[in-house]
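K.L.:
Next comes the sequence, and after it the predicted model I'd like to discuss.
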Amino acid sequence: MGASNQANVLLVEDHADARRVMARLLGQEFNVIATATYDEALAAARASMPQLVITDISLGGELDGIDLMRAICAIKPIPGIAVSGHPVDDQARLREVGISRWFIKPIHFHQLIAAAREVLAESGTASLTSAPIPTARPADSRR
């Protein structure tokens, strides 16, 4: 979707319409690998080793986005951003698996993109696009 000088972002969203919209919007700035399930996402992560994972917490199966991040980070530590339709109760569990930002749906995409840029910059793998990296954190995400 994006140019070769952009960060690779693995997007994991089980709802097809949301996945399509998120991939299109994120694809304006990043190379997006969009997947729907835990198994697809883990296979994609192994094949492409993205610089960032953006995952839904609930993936419609036994294993969730936190389990996915744990499995990916066992291969290589990769930062993550979580999205959820429900409030996040166990923030320590998110941090344990490398998720430093989380959003409650519906998502404001400009905040998601700003958070992705910030996480990539913090991890030293910022997108090489010309877009400026914001200095303020989105109001609805915390570490």
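P.N.:
That came in fine, so what should we check first? Numbering: from 1, shown residues only.
K.L.:
Okay, now the unreliable bits of the chain?
P.N.:
Flagging of the chain using pLDDT under 70 yields the residue ranges 1-4, 125-143.
K.L.:
rerun at 50
P.N.:
By pLDDT under 50, the low-scoring segments of the chain are 1-2, 127-143.
K.L.:
just the strands in it please.
P.N.:
Per DSSP state E, the chain has strands spanning 8-12, 31-35, 52-56, 80-84, 99-104. These are given in chain order.
K.L.:
Tell me which residues of stretch 53-63 come out buried.
P.N.:
Residues Val53, Ile54, Thr55, Asp56, Ile57, Leu59, Leu63 are the ones in stretch 53-63 that count as buried (16 or more other Cβ atoms under 10 Å). (Each C-beta comes from the backbone N, C-alpha and C, glycine too.)
K.L.:
Out of the strands of the chain, which is closest to Arg20?
P.N.:
Comparison of those against Arg20 by Cβ to Cβ identifies strand 31-35 as nearest, at 7.8 Å.
K.L.:
got the angle for the closest one vs strand 52-56?
P.N.:
30 degrees (axes from the mean of the first three to the mean of the last three Cα atoms, to 10 degrees).
K.L.:
What lies in contact with strand 31-35?
P.N.:
For strand 31-35, contacts defined as Cβ atoms under 8 Å, 6 or more residues apart in numbering pick out 1-4, 6-13, 19-20, 22-23, 26, 41, 44, 48, 50.
K.L.:
Right, I'll leave it there.
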